[in-house]
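**Q** Give me a 3D structure for the following:
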Amino acid sequence: MKQKKMRKIGIASALGLVVLVVLGLYGASNYMLNYSLNYPKEERMTAEHWKNRMKNECPWMIGWMDSVYQHHCVKDTFVTMPSGYKAHAIYLYAPKTTEKTAVVVHGYQVRSEGMLHIAYLYNHDMGYNVLLPDLYGHGESEGDHIQMGWKDRWDVIRWSDIANEIFKVKSEERRVKNTRQVIHGISMGAATTMAVSGEKTPDYVKCFVEDCGYTSVWDEFSAQLKEQFGLPAFPLMNTTSALCQHRYGWSFAEAQQIEQVRKSTKPMLFIHGDKDAFVPYAMLHPLFEAKTKGRKAIFIAKGSVHAMAYRDHHEAYTRIVRDFVSQEE
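**A** Here you go, the predicted structure:
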């Protein structure tokens, strides 16, 4: 009798421990998912914040920025995406009529105005039309969480269509000439750009520029889990990924930017700062090597931390981007 009682107590204790572990993992996973992907609208930085930050980081563009805003060259557009949410972008025409167009994609917890330095590169230095979207859950776009550039790929393809409608050239003979587009993203925007590159894109999308993007969402979150919390990937990454699948319809494991790059066929320029710890510099070369179809090039920004390659090397950055995309003009 005593042995049976002890066995029952042991089983009950084991079950209790399992329940505690499950509850603990669920609580930790819920915390990590909210920590990583929750971005309430009231926490989003304003357009003015980002415009001022861009001026501080890249003072050579102040005159241009003041001019395009004072002359109301920067336009807003709102569209409803196929998934049903209302999305926002800003855009501006080139100084002279052209079909050359850049779709410029921002990073994690940024917004369209946080990419005005890259808009300056294309619009001021290269004479391009530019469209800068607010991704889902950022800026003025609707959305209740951050999609890490994965499901955002479908929205950027739609923004590419919209950019073509806005900027395509209509001649005096009423002939319509489609745009010639580059999609350029930084950080999560670069991950979005790479995710787009693996899908079928219209002929007018000619090439891609990715600046400090990650190999996969799993790899990026695993790196940050270790860096910020000192924790291994297993089991928290597995349970948080499963919770993300349940809550938002996608998992960390499926969001493989490197696999999208492997499928891509159009030209791609890879950029990364060699002092980047947020999206580890070590991710650059596997991505570059994964690109086996189509033209490619690489620019390593010496001494640059995350997303600062343009700020630190803006003349070289501009020259390399211009040389790369001009081959598709």
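**Q** hey, let's count contacts and neighbours off CA atoms from now on
**A** OK.
**Q** element containing residue 162?
**A** Per DSSP states H and E, residue 162 falls inside helix 152-167.
**Q** what's the following helix or strand after that helix?
**A** strand 169-170.
**Q** Tell me the strands beside that following strand, with direction?
**A** Applying DSSP bridges, strand 169-170 is found paired with strand 176-177 (antiparallel).
**Q** Quick one: residues in contact with the partner strand.
**A** 99, 168, 169, 170, 171 (C-alpha atoms under 8 Å, 6 or more residues apart in numbering).
**Q** That one: how far from the chain's middle?
**A** Put simply, strand 176-177 sits 30 Å off its chain's centre (C-alpha atoms, centre = their mean, to the nearest Å).
**Q** Residue 276 and residue 302: what is the separation?
**A** In this view, residue 276 and residue 302 are 10 Å apart by C-alpha to C-alpha, to the nearest Å.
**Q** Looking at the two now, which is surrounded by more residues?
**A** residue 276 (19 against 13; other C-alpha atoms under 10 Å).
**Q** Disregarding flanking residues, what is the spatial nearest neighbour of that one?
**A** Leaving out its chain neighbours, the residue that sits closest to residue 276 by C-alpha to C-alpha, 6 or more residues apart in numbering is residue 305, at 4.2 Å.
**Q** re earlier: could you give me the ChimeraX syntax to select whichever of the contacts of strand 176-177 are buried?
**A** Buried members of the contacts of strand 176-177, defined by 16 or more other C-alpha atoms under 10 Å, are picked up in ChimeraX with:
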select :99,168,169
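**Q** Dump the helix holding residue 162 to PDB, keeping only the CA atoms.
**A** C-alpha atoms of helix 152-167 as PDB (Å, rounded to 0.1, in the frame of the first residue of the first chain):
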ATOM      1  CA  ASP A 152       5.400  42.000 -45.800                       C
ATOM      2  CA  ARG A 153       6.800  40.700 -49.100                       C
ATOM      3  CA  TRP A 154       3.400  40.500 -50.600                       C
ATOM      4  CA  ASP A 155       2.700  44.100 -49.600                       C
ATOM      5  CA  VAL A 156       5.900  45.300 -51.100                       C
ATOM      6  CA  ILE A 157       5.100  43.600 -54.400                       C
ATOM      7  CA  ARG A 158       1.800  45.400 -54.300                       C
ATOM      8  CA  TRP A 159       3.600  48.700 -53.500                       C
ATOM      9  CA  SER A 160       5.800  48.000 -56.500                       C
ATOM     10  CA  ASP A 161       2.600  47.800 -58.700                       C
ATOM     11  CA  ILE A 162       1.400  51.100 -57.200                       C
ATOM     12  CA  ALA A 163       4.700  52.800 -57.800                       C
ATOM     13  CA  ASN A 164       4.500  51.700 -61.400                       C
ATOM     14  CA  GLU A 165       1.000  53.200 -61.700                       C
ATOM     15  CA  ILE A 166       2.100  56.400 -60.200                       C
ATOM     16  CA  PHE A 167       5.400  56.900 -62.000                       C
END
